[in-house]
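Visitor: need a structure here:
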Amino acid sequence: MELYRTENLTYIYPDMARPALDDVSVNIYDGEFLLLLGDSGCGKSTLLRALAGLAPDFYGGKIGGRVLYRGRDMEKMDRRQLLRNVGIVFQDPEKQLVKTRVEQEIAFGLENLGLPPADMRKLVAEVINFFDLSELKDTPVSDLSGGQKQKVVLASVMAMQPKVLLLDEPTSQLDPVAAEEVFNTLKRLNEELGLTIVLVEQRLDRCFHMADRVIVMDRGQIKNEGTSQEIAAWAIRNKRHIIPPVAEFFCCTGSDRPPLTVREGRQKLSGMGFRPLEDNESSKTPKPVLKKLWERLGKKTGHRDSAANWLVKLHDLWFKYDQGDEVLKGVSLNIGAGEFTVIMGENGAGKSTLIKTINGLLQPDRGAVLVEGRNTASLRTDQIAATIGYLGQNPNDYLFHDTVNEELKFTLDNLGIPDEGQIEQVLDRLGILEYRYDNPRDLSGGQRQRVALASVLVAGPRVLLLDEPTRGLDADLKRRLGSLLQDLAAEGTSVVMITHDIEFAARYAQRVVLLFDGRVVADGDKYEVLSGSVFYSPQVQKLFRGFETGVLTVDDALSRWEGLSVEVS
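Guide: Numbering: from 1, shown residues only. Below is the predicted model of the structure:
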């Protein structure tokens, strides 16, 4: 049964020349799991807003064509009735949090619907239990991590029992285990309750196979649509990096019906003659191509040469927030010049707190932070900022000027640095030079993320701290960011990045640090740490586990493929 139909839908945001949606006609069916893919700024989020009735009602602008819900023009529908049927989860959870405590937040939507108190208490209890939020129900929302906020928003939307769930990157701030739980929950809601789901997501390894249909968008238009396998084969033919690693690997080896899951992929490997390591001991020795790949990656990301090369030293750090438990518990780390380090761990493990102690935003209760041999406790903020650049989770915190150019110039003026072409150079490296004189708040989420990063990079910091910088970035932008960070590390900058994006870490980082409950539980070369992990491991490593060693990425896997010439880059 047809649920949605858009007819020649065109939408232009206020003060924007190019339409965000350009003559989009699509049908969405009752109970369907639909996945929207495409580059940053292609119109995915805008289409969700139109399906939710928010564009143009909330965002303004001009609209053409129609959006029909169950055959009715949405412009003529009662907004309270629409709210009962359609729920939306935004990319940035901060935009949907309005109450002070978790339980109040989940009840807020039900209060607006006018539900009786008894019904409301029952629904709130069910949702809190379903999303495993019992321990957080009385917690102030401001004390939650980014990932915890994301879960609370999803729970508050589901409490209203919508028939359609529109999700804009709902796992962008979740650790791998929590993200897996969310996708399993979505699958259950779709299969057991018949909930229609329209999902925008960049972390495709956990959801690509779940979709009944995939739609690829480009510049506000629908470029292609089909099953996951059809889109995977099309993407490889057209050199579009929009599919998960397992499907990409098999497409690159010539498969026109690639496996979509690790289980299917391992079955196919067995059928191709791959055998467990105990039956093939020679596989423990990397082939020459793989050795070359490791050498090239090691050279590009820098080396940890000697103790004299450390830029940052963390010694026995302990920290807790007011009236809270210890967040950091005896953390000691050394970070070298030219080193690309990724910090991973569950939500609430202390990752963001750790890097905030490095740049002086937080002072440890015990222990010391040394930057270039100087204790940050004795340095002024401007002295720290001249050496350490920091980009937090929310790019909107960095954007308060009327143009992108002014944002970057503000950084230079504060640090007393003249603009000698740095602004143009940084914007060009990040692929946003064309937006130099645009208002940053008019840009897409991924574009705003790059503007915020540019406002930090323009000062040329020796240490670069990044908290979830890949959030909202499409695959091509991640590739560009990864190459940029590797180049910065090769030039001597210490890059320390928090991420839940395991595929990004496997491809670009040199060193991986795992935090759990405020302590460092693993620290070492990415091949060592990620290969030895169960959940914190990339999809290709799971595919080849037990068959081959030292395989984290598609490039690694292709280098093991007999008779295939691999271009190492």
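Visitor: Every contact and neighbour count from this point should use C-alpha atoms.
Guide: Fine.
Visitor: what about the residue positioned nearest the centre of the chain, which SS state?
Guide: The geometric centre of the chain, computed from its C-alpha atoms, lies nearest to R471 (Cα atoms, centre = their mean), at 3.3 Å. Put simply, R471 is coil when judged by DSSP: H, G, I helix; E, B strand; the rest coil.
Visitor: start at 194 instead
Guide: New numbering, starting at 194: the last item is R664.
Visitor: pretty sure it is touching G639, no?
Guide: Yes. Here R664 reaches G639: they are 7.3 Å apart, a contact under Cα atoms under 8 Å.
Visitor: give me the number of residues near V597?
Guide: 26 (other Cα atoms under 10 Å).
Visitor: Give me the distance between it and S648.
Guide: In this structure, V597 and S648 are 9 Å apart, going by Cα to Cα, to the nearest Å.
Visitor: got a list of what the closest residue to L347 other than its chain neighbours touches?
Guide: In space, not counting the residues next to it along the chain, L347 is nearest to V282; the distance is 6.3 Å by Cα to Cα, 6 or more residues apart in numbering. Going by Cα atoms under 8 Å, 6 or more residues apart in numbering, V282 touches 346-347, 350, 358-361, 363.
Visitor: Any idea how far apart the tips of stretch 738-753 sit?
Guide: Using Cα to Cα, the end-to-end distance of stretch 738-753 comes to 14 Å.
Visitor: and what of stretch 285-305?
Guide: Between where stretch 285-305 begins and where it ends, there is a gap of 22 Å, by Cα to Cα.
Visitor: next one: stretch 318-329
Guide: End-to-end distance (Cα to Cα), stretch 318-329: 12 Å.
Visitor: cool, stretch 588-604 as well?
Guide: With Cα to Cα as the measure, the ends of stretch 588-604 fall 15 Å from one another.
Visitor: hmm, back to that, just the buried members of the contacts of V282?
Guide: Among those, the ones that count as buried by 16 or more other Cα atoms under 10 Å are 346-347, 350, 358-361, 363.
Visitor: next helix or strand past whichever strand or helix holds E296?
Guide: For E296, the element it lies in under DSSP states H and E is helix 295-306. Scanning the chain past helix 295-306 towards its C-terminal end, the next helix or strand to appear is helix 310-323 (assignment: DSSP H and E).
Visitor: elements contacting the helix or strand following that following helix?
Guide: Stepping forward along the backbone from helix 310-323, the first helix or strand reached (DSSP H and E) is helix 339-351. Applying 3 or more Cα pairs under 8 Å, 6 or more residues apart in numbering; DSSP states H and E, we find helix 339-351 packed against strand 279-282, helix 295-306, helix 310-323.
Visitor: can you put these in a markdown table and add distance to L674?
Guide: Below are the helices and strands packed on helix 339-351 laid out as a markdown table (distance: least, Cα to Cα, whole Å):
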| stretch | distance to L674 |
| --- | --- |
| strand 279-282 | 26 |
| helix 295-306 | 35 |
| helix 310-323 | 37 |
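Visitor: Mean neighbour count, these: which tops it?
Guide: Each of the helices and strands packed on helix 339-351 was assessed for mean neighbour count using mean count of other Cα atoms under 10 Å. The highest is strand 279-282, with a mean of 23.
Visitor: Return that one as PDB; C-alpha atoms alone will do.
Guide: Backbone C-alpha positions of strand 279-282 (Å, rounded to 0.1, in the frame of the first residue of the first chain) are rendered in PDB as follows:
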ATOM      1  CA  VAL A 279       5.200  10.800  11.600                       C
ATOM      2  CA  GLY A 280       8.200  11.000  13.800                       C
ATOM      3  CA  ILE A 281      11.600  12.400  12.900                       C
ATOM      4  CA  VAL A 282      15.000  12.100  14.500                       C
END
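Visitor: For it, which strands pair with it and how are they oriented?
Guide: Sheet pairing here is set by DSSP bridges, and for strand 279-282 it gives strand 357-361 (parallel).
Visitor: ok, residues contacting the strand it pairs with?
Guide: Counting by Cα under 8 Å, 6+ apart, strand 357-361 makes contact with 238, 241, 245, 278-284, 388-394, all of which sit outside it.
Visitor: So which bits of the helix or strand just after that strand are buried?
Guide: Once the chain leaves strand 357-361, the next helix or strand it forms, by DSSP H and E, is helix 369-386. By neighbour count on 16+ other Cα under 10 Å, the buried set for helix 369-386 is 369, 371-373, 375-376, 379-380, 382-383.
Visitor: Likewise for stretch 270-287?
Guide: Going by neighbour count (16+ other Cα under 10 Å), the buried part of stretch 270-287 is 276-286.
Visitor: neighbours of L657, just the number please.
Guide: Using other Cα under 10 Å, L657 is surrounded by 24 other residues.
Visitor: counting contacts, what elements does the helix or strand harbouring it pack onto?
Guide: For L657, the host element (DSSP H and E) is strand 656-660. If you count contacts as 3+ Cα pairs under 8 Å, 6+ apart, strand 656-660 packs onto strand 581-584, strand 687-691.
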